[in-house]
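Undergrad: Quick one: sequence and predicted model below, then my questions.
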Amino acid sequence: MAENGCCGPGYASPKEAMQAQRETLLYTVALYVGTGVEKPDYLATVDVDPDSPTYSSVVARTEMPQIGDELHHSGWNACSSCHDDSSKKRRYLLMPGVRTSNINVIDTADATNPKLHTVVSGDEIRAKTNLSAPHTVHCLGSDIIISMLGDANGNAPGGFLHLDENFDIVGRWENELNGMKYNYDFWYQPRHNMMVSSEWAAPNTFLPGFELDDVAAGKYGQSVHFWDFKGKKVAKSVDLGAEGMIPLEVRGLHDPESHHGYFAATLSSNVFHWWKDDAGEPQLEKVIDIPTIDVAGFPVPMPSLITDILISMDDRYIYFANWLHGDLRQYDITDRSNPKLTGQVWLGGMLGKAPEVNGVTVQGAPQMIQLSLDGKRLYVTTSLFSTWDNQFYPGMKDKGAQMFMIDCDTDKGGMSINPDFVVDFGKEPNGPSRCHEMRYPGGDVTSDIWM
């Protein structure tokens with residue numbers, strides 16, 4: 001298949017043209033869960049056009065129709081995987097609620113003022129598929145698949161929900177789980193009949209908060225799974241042991257011919273490189289290891305806690321966030337097996353290195369990240385999950401989370417905090433809220449699977 005861009009007007013162009021776009025709007029999920037504010041979660045539309053009079057501010061808020069969703073991740077109804085169908089448009093943003101299992105579908109035809117289109121009921125999902133706690137949303141041609149973290153009662157292992165283009169429930173996507181213990185994120189590479197999925201924990205384990213004893217009891221994942229994509233079944237599972245505790249975000253390279261990718265083991269604070277060898281067998285190697293740090297009052301040597309990771313559109317740089325230590329890192333991955341550290345900045349965190357940035361006291365630390373298509377602007381939010389926020393950064397409950405922007409040198413490498421950009425969600429009209437995952441209306445480096 002040709003390496004074309006995204007669907008719809010303005011998006012059916014080569015990837016190089018997509019990279020040349022300058023974003024003007026950025027969507028982020030925003031939520032009141034765990035803040036004491038009894039209001040629905042919402043989609044915040046942020047003005048990121050430096051020439052706009054409302055630059056670095058929330059210009060629209062699209063409320064969900066119910067309270068208590070805990071919006072977390074999101075994804076588009078269409079992306080580059082449907083490039084050969086001119087009728088498909090990246091118009092609808094699916095926003096699942098981890099706690100309710102509702103999937104809120106937002107119409108972004110008016111990009112500045114998105115509207116609620118429909119809601120796929122969490123109760124209906126449970127009844128028809130025995131699944132709950134939706135997480136990662138990826139388009140798959142005209143259809144949509146969503147990783148689900150639990151069964152209808154919040155127990156592991158979960159599975160994958162299949163929706164059609166009208167957002168009707170088709171059923172479960174997978175044919176076999178083959179012993180998969182937990183579920184979380186996934187990325188697929190169709191030219192190699194390959195999908196890679198990761199593990200967090202059962203909803204009943206992570207929803208109340210983090211308990212260290214649960215790790216020792218085996219209630220958190222430490223395996224990744226390589227799938228027979230066409231057969232919709234796990235072909236090989238790899239138990240990473242102590243080196244790979246809680247593998248979360250999975251990212252493949254954007255080159256559709258590539259069978260390489262990376263994921264981070266959050267609790268072990270390691271980054272792994274995956275690929276297929278000449279015989280077609282999946283392989284893994286640890287390529288980055290962030291040391292723990294002894295911190296007074298912390299019960300164990302503090303891991304960096306890598307909570308998000310992404311790859312630039314040109315497949316040259318990898319970025320990730322260390323939510324406990326408080327830093328963002330940039331590595332050159334031109335040599336796939338030997339990443340080179342090229343940039344680092346500090347925002348919040350538990351080491352006290354940057355408690356205030358751009359005149360705002362940072363609540364939390366770098367958590368979710370999103371990179372501009374040209375690779376020059378890295379946006380970052382500071383909330384992880386409501387109960388976890390309240391454990392590790394209790395000030396966020398009353399003061400809200402923040403969004404910052406990092407300027408990235410794409411030629412020589414390097415990062416710096418942009419001094420003119422901050423969005424303080426502690427000052428929202430209904431009270432302080434949390435901000436988490438981000439998406440561009442025109443597509444982004446974490447949602448597009450290039451066919």
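TA: Structure received. Residues are numbered from 1 along each chain as shown.
Undergrad: Going by C-alpha atoms from here, please, whenever you check contacts or count neighbours.
TA: Will do.
Undergrad: is it true that N204 touches G154?
TA: Yes. Contact criterion C-alpha atoms under 8 Å: N204 and G154 qualify, at 5.3 Å.
Undergrad: Show me which of the two is the more surrounded one.
TA: Shown here are N204 and G154; by other C-alpha atoms under 10 Å, G154 has more neighbours (19 against 15).
Undergrad: and V29, that one's in a helix?
TA: No. Checked against DSSP: H, G, I helix; E, B strand; the rest coil, V29 lies outside a helix; its state is strand.
Undergrad: so it sits right up against E70, yeah?
TA: No. Contact criterion C-alpha under 8 Å: V29 and E70 do not qualify, at 9.2 Å.
Undergrad: got any residues that touch both of these two?
TA: D41 (C-alpha atoms under 8 Å, 6 or more residues apart in numbering).
Undergrad: Name all residues that make contact with the residue nearest to M415 when sequence neighbours are not counted.
TA: Counting by C-alpha to C-alpha, 6 or more residues apart in numbering, the nearest residue to M415 once its immediate chain neighbours are dropped is C408, at 4.7 Å. Shown in contact with C408 (C-alpha under 8 Å, 6+ apart): 375-378, 414-416.
Undergrad: Tell me the spacing between C408 and L347.
TA: For C408, the distance to L347 equals 15 Å [C-alpha to C-alpha, to the nearest Å].
Undergrad: ditto for V137
TA: 28 Å.
Undergrad: Please say which of those two ends up with more neighbours.
TA: A count of neighbours by other C-alpha under 10 Å puts L347 above the other of V137 and L347, at 28 against 25.
Undergrad: Pop out the phi and psi values for D255.
TA: Backbone torsions of D255, given as degrees, to the nearest 10, read phi -60, psi 120.
Undergrad: neighbours around it, how many?
TA: The number of residues packed near D255 is 17, by other C-alpha under 10 Å.
Undergrad: And it, how close does it get to D315?
TA: Using C-alpha to C-alpha, D255 is found at 7 Å from D315.
Undergrad: Can I get the contacts of C408 in JSON lines including secondary structure?
TA: Shown next, in JSON lines, are the contacts of C408 (three-state DSSP):
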{"residue": "G375", "secondary structure": "coil"}
{"residue": "K376", "secondary structure": "coil"}
{"residue": "R377", "secondary structure": "strand"}
{"residue": "L378", "secondary structure": "strand"}
{"residue": "G414", "secondary structure": "coil"}
{"residue": "M415", "secondary structure": "strand"}
{"residue": "S416", "secondary structure": "strand"}
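Undergrad: ranges for the helices of the stretch 201-350 of the chain?
TA: Ranges of helices in the stretch 201-350 of the chain, per DSSP state H, counting those that start in this stretch, are 203-206, 212-216.
Undergrad: For the stretch 51-200 of the chain, which segments count as helices?
TA: Under the criterion DSSP H, counting those that start in this stretch, the stretch 51-200 of the chain contains helices at 122-129.
Undergrad: just to revisit the earlier point, could you look over the helices of the stretch 201-350 of the chain and pick the most buried one?
TA: Of all the helices of the stretch 201-350 of the chain, helix 203-206 carries the top mean neighbour count, a mean of 18, counting by mean count of other C-alpha atoms under 10 Å.
Undergrad: What average pLDDT does that helix get?
TA: Mean per-residue pLDDT for helix 203-206: 98.
Undergrad: can I have it written out in PDB, keeping just the CAs?
TA: Extracted in PDB, the C-alpha atoms of helix 203-206 (Å, rounded to 0.1, in the frame of the first residue of the first chain):
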ATOM      1  CA  PRO A 203      -9.200  -2.700  37.200                       C
ATOM      2  CA  ASN A 204     -10.100  -4.000  40.700                       C
ATOM      3  CA  THR A 205      -6.400  -3.700  41.500                       C
ATOM      4  CA  PHE A 206      -5.400  -0.300  40.100                       C
END
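Undergrad: Pretty sure S198 sits against W187.
TA: No. With contact defined as C-alpha under 8 Å, S198 does not count as touching W187 (9.4 Å).
Undergrad: out of the two, which sits in the more crowded spot?
TA: Neighbour totals were compared for S198 and W187, and S198 leads with 26 against 22 (other C-alpha under 10 Å).
Undergrad: where's the residue nearest to the more buried one when sequence neighbours are not counted relative to I293, distance?
TA: Counting by C-alpha to C-alpha, 6+ apart, V224 is the residue found nearest to S198 once chain neighbours are left out, at 4.8 Å. The gap separating V224 from I293 is 26 Å, by C-alpha to C-alpha.
Undergrad: repeat for T45
TA: 37 Å.
Undergrad: out of the two, which sits in the busier spot?
TA: T45 (26 against 14).
Undergrad: for the more buried one, helix, strand, or coil?
TA: Applying three-state DSSP to T45 yields a three-state assignment of strand.
Undergrad: Let me know the pLDDT of it.
TA: At T45, pLDDT is 98.
Undergrad: Tell me the bridge partners for it.
TA: Going by DSSP bridges, T45 is paired in beta bridges with Y27, A60.
Undergrad: burial of the residue lying closest to V360 once chain neighbours are set aside, as a residue count?
TA: Spatial nearest neighbour of V360, chain neighbours left out: D424 (7.6 Å); criterion: C-alpha to C-alpha, 6+ apart. D424 has 24 neighbours, counted by other C-alpha under 10 Å.
Undergrad: Would you mind confirming that D424 makes contact with Q402?
TA: Yes. The pair D424 / Q402 is scored as a contact, 4.7 Å apart, by C-alpha under 8 Å.
Undergrad: Which parts of the stretch 301-450 of the chain are strands?
TA: Under the criterion DSSP state E, counting those that start in this stretch, strands of the stretch 301-450 of the chain are mapped to 306-311, 317-322, 327-332, 340-346, 356-357, 360-361, 368-371, 377-381, 402-408, 415-424, 434-439.
Undergrad: Redo those strands as JSON lines? Include mean pLDDT and distance to P40.
TA: Output for the strands of the stretch 301-450 of the chain, formatted as JSON lines (pLDDT from 0 to 100; distance: least, C-alpha to C-alpha, whole Å):
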{"stretch": "strand 306-311", "mean pLDDT": "98", "distance to P40": "25"}
{"stretch": "strand 317-322", "mean pLDDT": "98", "distance to P40": "28"}
{"stretch": "strand 327-332", "mean pLDDT": "98", "distance to P40": "30"}
{"stretch": "strand 340-346", "mean pLDDT": "98", "distance to P40": "32"}
{"stretch": "strand 356-357", "mean pLDDT": "97", "distance to P40": "29"}
{"stretch": "strand 360-361", "mean pLDDT": "97", "distance to P40": "25"}
{"stretch": "strand 368-371", "mean pLDDT": "97", "distance to P40": "21"}
{"stretch": "strand 377-381", "mean pLDDT": "98", "distance to P40": "20"}
{"stretch": "strand 402-408", "mean pLDDT": "98", "distance to P40": "19"}
{"stretch": "strand 415-424", "mean pLDDT": "98", "distance to P40": "19"}
{"stretch": "strand 434-439", "mean pLDDT": "98", "distance to P40": "12"}
